[in-house]
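Colleague: here is a sequence together with a model predicted from it:
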Amino acid sequence: MDAAPARYRTAIGAASLIVGPALMSVGDLIHPPERWNAPAQIAVVAASASRWYGAHLLLFLGMLLFVPGILALTTVVATRRPAAGYAARLLLLASVGALSAIFVFEMVLGRFIAAGADQSAAVALLETFQAGGIFGALGPGLLAFFIGTALAVVPLVSTASPFRWPAVAFALGAILIMGEIILAEVLLSQIGNILMLVAGIGFASPLLRGRGEAPA
C-alpha cells in the first residue's frame with residue numbers, strides 16, 4: 001500500500017542528490033575570488049557584482065533543493081545505525097538554515113553594491129556580518145554540517161555496500177569545503193562541490209535500484 005509513495009520519495013531524493021550539488025557546483029565555478037579582509041573582498045565584489053550575486057543565488061537554490069537528498073541519505077544511514085542516522089539528519093537540516101543565511105547575505109551584498117552603494121558602506125555591512133554577533137551565531141550551524149556529514153558517512157564507509165565510495169567522495173568534498181571556509185580559497189570549494197555532485201550521482205544510482213535497505 002505504501003509502495004507508490006515510497007517510490008516517489010526515493011525518486012525525489014535521488015534527483016535531489018544530483019540537482020542540488022549540480023547547482024552548487026555551477027555556482028561555485030562562477031564564484032569570484034574570496035578574501036577574509038573586508039575591504040579586499042568588497043573590491044572583488046564591486047568588480048563583478050552580478051557574477052557574485054548569481055553564484056550565491058545558485059548556491060542558495062542548490063542548498064534548498066538538496067533537502068530531500070539529505071532525507072534520503074540519512075534514511076539509508078538510519079537503516080544501518082539508527083542513532084547516527086537520526087543525529088546526522090538533525091544536524092544536516094539545521095546546517096541548511098545557517099548556510100542559506102550566509103548565501104542570502106552574500107546575494108544582498110552583491111545587489112547592494114550593484115545598486116551603486118558606496119564601497120565604504122559595503123565594507124561596513126560586510127564587517128558587521130563578519131562580527132561575532134552575526135557570523136558567530138551562524139558558526140554552530142556551519143559546524144553542524146561537518147559533524148552531520150561525519151555521522152552520515154562513517155556508517156556507510158565502514159560497511160561493504162554500493163554507498164561506500166560515494167560516502168568517501170562526500171566526505172572529501174566536505175573537507176575541501178571546510179578548507180575553503182578557513183582559507184578563503186574558492187578553488188577548494190569548487191573541487192569540493194564537484195566531489196559532492198559525484199557522490200550524489202553515486203548515492204542516487206543504488207537508491208533508484210532499491211538498494212538503500214539495511215544489509216541482512
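Modeller: On my side now, so go ahead.
Colleague: to which secondary structure element is the nearest residue to Pro206 once chain neighbours are set aside assigned?
Modeller: Distances taken as Cβ to Cβ, 6 or more residues apart in numbering place Pro162 nearest to Pro206, at 4.0 Å, with adjacent residues excluded. For glycine as for every other residue, the C-beta is placed from the backbone atoms N, C-alpha and C. Counting by DSSP states H and E, there is no helix or strand that carries Pro162.
Colleague: now Asn193: how far from Leu207?
Modeller: Distance of Asn193 to Leu207, given as Cβ to Cβ, to the nearest Å: 20 Å.
Colleague: no wait, Met196
Modeller: Distance from Met196 to Leu207, by Cβ to Cβ: 16 Å.
Colleague: out of these two, which sits in the more crowded spot?
Modeller: Between Met196 and Leu207, Met196 has the larger neighbour count (other Cβ atoms under 10 Å), namely 30 against 23.
Colleague: that one touches Ala22, doesn't it?
Modeller: No - the pair Met196 / Ala22 is not scored as a contact, 9.4 Å apart, by Cβ atoms under 8 Å.
Colleague: for the helix or strand encompassing Leu71, C-alpha coordinates in PDB please.
Modeller: Counting by DSSP H and E, the element that carries Leu71 is helix 67-80. What follows is helix 67-80, C-alpha atoms only, in PDB (Å, rounded to 0.1, in the frame of the first residue of the first chain):
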ATOM      1  CA  VAL A  67      17.000  18.900   1.400                       C
ATOM      2  CA  PRO A  68      15.200  15.800   0.000                       C
ATOM      3  CA  GLY A  69      18.600  14.300  -0.700                       C
ATOM      4  CA  ILE A  70      19.600  14.800   2.900                       C
ATOM      5  CA  LEU A  71      16.500  13.000   4.000                       C
ATOM      6  CA  ALA A  72      17.200  10.100   1.600                       C
ATOM      7  CA  LEU A  73      20.800   9.800   2.500                       C
ATOM      8  CA  THR A  74      20.200   9.900   6.300                       C
ATOM      9  CA  THR A  75      17.400   7.300   5.800                       C
ATOM     10  CA  VAL A  76      20.000   4.900   4.400                       C
ATOM     11  CA  VAL A  77      22.300   5.700   7.300                       C
ATOM     12  CA  ALA A  78      19.500   5.100   9.800                       C
ATOM     13  CA  THR A  79      18.800   1.600   8.400                       C
ATOM     14  CA  ARG A  80      22.400   0.700   9.400                       C
END
